[in-house]
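>>> My questions are about this predicted structure, shown below with the sequence.
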Amino acid sequence: MFFLATADAEGRPQCSYKGGEPGFVRVLDERTIAFPSYDGNGMYLSLGNAVVNPHAGLLFIRFDERRRLRLNGEASVEADDPLVAEYPGAQLVVRVRATQVFPNCPRYIHEYRLVERSRFVPKPGAEPPVPRWKRNDWACDVLPEGDPANDPDAEVVHQG
């Protein structure tokens, strides 16, 4: 897991959590990493920012080992990226060309242990459940066509 920081064309920031199965962030070469963008709230705040302002900051945290790593670079988002097919459930793939990579002081990291991986992370051969919030009135009319939440027979679960 990591946190992704981006800014829009006017410099207004967004920060989002990105998580997946182990190995969902891939090192493509000595300067480039890639990660999938999975179904979210459909607002594309971070990825929309990356399209108009490629500067991005990633903060990776290993809570169980109390380690942090920062990666700053330039992000690109392509709908037809060939890696999309290699990530089950991915809508897009983000590539980040690193300009800076450095460890970060871990002294204030609380120690946590993984209890359970999220059941919403896409896996080969399995459809993730629909999060209950996607059935709320405020979300129903903005979901994209084909969103699983539009299927009245889809499994709906609380994400807590």
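Received it, and whenever you're ready, just let me know what you need. Numbering: from 1, shown residues only.

>>> Okay, buried residues for the helix or strand Val51 falls within please.
Val51 belongs to helix 45-52 when assigned by DSSP states H and E. Neighbour-count burial for helix 45-52, counted by 16 or more other C-beta atoms under 10 Å, picks out Leu45, Ser46, Leu47, Asn49, Ala50. (Each C-beta comes from the backbone N, C-alpha and C, glycine too.)

>>> Mind giving me the packing neighbours of the following helix or strand past that helix?
As assigned by DSSP H and E, the chain's next helix or strand after helix 45-52 is strand 55-62. The helices and strands touching strand 55-62, judged by 3 or more C-beta pairs under 8 Å, 6 or more residues apart in numbering; DSSP states H and E, are strand 2-7, strand 67-78, strand 92-104.

>>> re earlier: which residues are contacting the helix holding Val51?
4, 6-9, 14-16, 37, 56, 75-77, 92, 94 (C-beta atoms under 8 Å, 6 or more residues apart in numbering).

>>> low pLDDT regions in this protein?
Where the chain drops to pLDDT under 70, the residues are 159-160.

>>> Dump stretch 92-112 to CSV, keeping only the CA atoms.
Below are the C-alpha coordinates for stretch 92-112, written out as CSV (Å, rounded to 0.1, in the frame of the first residue of the first chain):
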residue,chain,number,x,y,z
LEU,A,92,-6.3,2.1,-16.0
VAL,A,93,-2.6,1.8,-15.3
VAL,A,94,-0.4,4.5,-13.9
ARG,A,95,3.3,4.7,-14.7
VAL,A,96,5.6,6.9,-12.7
ARG,A,97,9.0,7.8,-13.9
ALA,A,98,11.0,8.4,-10.7
THR,A,99,13.0,11.7,-10.3
GLN,A,100,13.7,11.1,-6.6
VAL,A,101,13.7,8.0,-4.3
PHE,A,102,14.7,8.1,-0.7
PRO,A,103,14.0,6.5,2.6
ASN,A,104,12.1,8.5,5.1
CYS,A,105,12.5,8.7,8.9
PRO,A,106,10.3,6.0,10.5
ARG,A,107,10.4,7.0,14.1
TYR,A,108,6.7,8.1,14.4
ILE,A,109,5.3,5.1,12.6
HIS,A,110,3.0,3.1,14.8
GLU,A,111,3.4,-0.7,14.6
TYR,A,112,0.4,-2.4,12.9
